[in-house]
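S.K.: Task: produce atomic coordinates for the following.
(one chain, ligands or ions: 1)
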Amino acid sequence: MLTQAIKGVKDILPADSAKWQSLEKTVRELFSDYGFSEIRTPIIEHTVLFARSIGATSDIVEKEMYAFKDQGGDEITLRPEGTAGVVRAYVEHKLFAPQPVTKVYYLGPMFRRERPQAGRLRQFHQIGVEALGVSEPGIDVDVLAALVELFNRLGVSGVELHINSLGCRDCRAAYKAALKDFLMQRMDSLCPDCQRRVETNPLRALDCKSEHCKTATNGAPMMSEYLDDDCRAHFESVKQGLDDLGIKYVINPRMVRGLDYYTRTTFEMIAIDKKGAQNAVAAGGRYDGLVEEIGGPPTPGIGFAIGVERLLIMLPEAGDGAPLPKVYIAAIGGQAARFGQKLADALRKSGISAERDYSPGGLKNQMKKADRSGAAYTVIIGEEEMTKGAALLRNMKTREQAEVELDKLVEEIKTRTRFL
Ligand code: HAM
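M.R.: Residues are numbered from 1 along each chain as shown. Have a look, this model is predicted:
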């Protein structure tokens, strides 16, 4: 073999694609119920877009981006997430002008050069929403309700919604300073990554996986103690709205998120596996300064993205989703094979899925293939049937056979398969 797929990048094979399609169908219906329209942004963007929005000190920008100079010398990056591109499109096309409130959703591949492992890929897929133009907490509740409802419609359990407020730029600045002071006194106990980040991004020490950092940050000041009056009231309203809708959540003051654009409400949908391991299957939050950062008018925003591969692992088993043909055509002999080709074409044009053997063998061999195909009916046609002008139509479940005139086959099959 010349080469294999790149590490951390997966093929979605025919046996799996039905699961993806079914998920996509549920998602499109749900987002439409919640008033979101689809947006499709490019997979490549100028590198500066991500560096500025996700943040220069984030893991993504520091070490995970597929960034390169193209043949024309432009700095290009394969999108590591969807929010930045959506906001860029929102500003570039002035979507705010005709539509003060813009609610969009997207599905598609994202790219991060992470260490591949179960549920962590280098090309993965996200399903996301972004709601731009509303600062009121009602939209936070709507966005969270859509996320929770999606998990309900899919029948996924074993998840917990964790929420937090990261405050606005003003109150977070005071908090950052206090946290930095606290961490400076424990510098020796922090992991090298967090030591390096104390100056630039001290919040990350709070959700660092290293046991040293977990211990060192015991008793650290929390953002909740530093929220100003507006941010506190906003968070209270979000919690109230969730309570009113009966949505259960856990307040997680250590959840700081790895992307710099977040303000106020942030959240993660955490999957808890049988061994108790926690993994974010979806995440999001507010980003009230991002539109302005990218050159648009001051506009609040909030959204989330679901990791599709992580979600699919959690879906109840649906079995091999390959579509089954309704009809198999077993044609024996050259003349019958030509008729078989025409019959398959006519059936397909009538919306009836038909399969046949492209290198036809004897009857026994073809019937075996018909059985294996999972078809509901098989048309059996050989020289004798061609002369007679009638083929055999076999119900593969009951094994009953009927003789049907050749020119009545399509109609007869249509009637019999109507409710399949
Ligand atoms: P994020 O937390 O970086 O947020 O990613 C969201 C979700 O994408 C994660 O919870 C996870 O399920 C999935 N994910 C991330 N990296 C990988 C990976 N390497 N392999 C498999 N799945 C992965 C964002 O991307 C934000 N743009 C979300 C958002 C939208 N915030 C506001 N609007």
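S.K.: in its sheet, what does the helix or strand encompassing Thr378 sit against?
M.R.: Per DSSP states H and E: Thr378 is located in strand 377-381. Note on strand 377-381: by DSSP bridges, its sheet partners are strand 327-331 (parallel), strand 390-395 (antiparallel).
S.K.: buried ones in the last one?
M.R.: Yep, that's strand 390-395 we're talking about. Within strand 390-395, the residues scored as buried using 16 or more other Cβ atoms under 10 Å are Ala390, Ala391, Leu393, Arg394. Every C-beta, even on glycine, is put in place using the N, C-alpha and C of the backbone.
S.K.: what sits up against it?
M.R.: By Cβ atoms under 8 Å, 6 or more residues apart in numbering, the list of residues contacting strand 390-395 from outside reads 376-381, 385, 400-406, 409, 412-413, 416.
S.K.: pLDDT on that strand, on average?
M.R.: Mean pLDDT, computed over strand 390-395, is 96.
S.K.: What helix or strand is Arg153 located in?
M.R.: Going by DSSP H and E, Arg153 is part of helix 137-154.
S.K.: what helices or strands is that helix leaning on?
M.R.: Other elements packing on helix 137-154 under the criterion 3 or more Cβ pairs under 8 Å, 6 or more residues apart in numbering; DSSP states H and E are helix 14-33, strand 123-132, strand 159-165, helix 229-244, strand 263-272, strand 278-286, strand 301-307.
S.K.: of all the ones you listed, which lies closest to Val104?
M.R.: Closest approach to Val104 among the helices and strands packed on helix 137-154 is made by strand 123-132 (5.5 Å; Cβ to Cβ).
S.K.: so how far is that closest one from its chain's centroid?
M.R.: 7 Å (Cα atoms, centre = their mean, to the nearest Å).
S.K.: So is that strand next to the ligand?
M.R.: Yes. On the criterion Cβ under 6 Å from any ligand atom, strand 123-132 is in touch with the ligand at Phe124, Gln126, Gly128, Glu130.
S.K.: Could you identify the buried members of the residues you listed?
M.R.: By 16+ other Cβ under 10 Å, these give Phe124, Gln126, Gly128, Glu130 as buried.
S.K.: For the ligand, what's its nearest residue on the chain.
M.R.: Closest approach between the chain and the ligand, counting by Cβ to the nearest ligand atom: Gly307, at 2.2 Å.
S.K.: Look up which residues are beta-bridged to that residue.
M.R.: Gln126.
S.K.: That one: how many residues sit nearby?
M.R.: Counted with other Cβ atoms under 10 Å, the neighbours of Gly307 add up to 23.
S.K.: And Gln185, by the same measure?
M.R.: 9.
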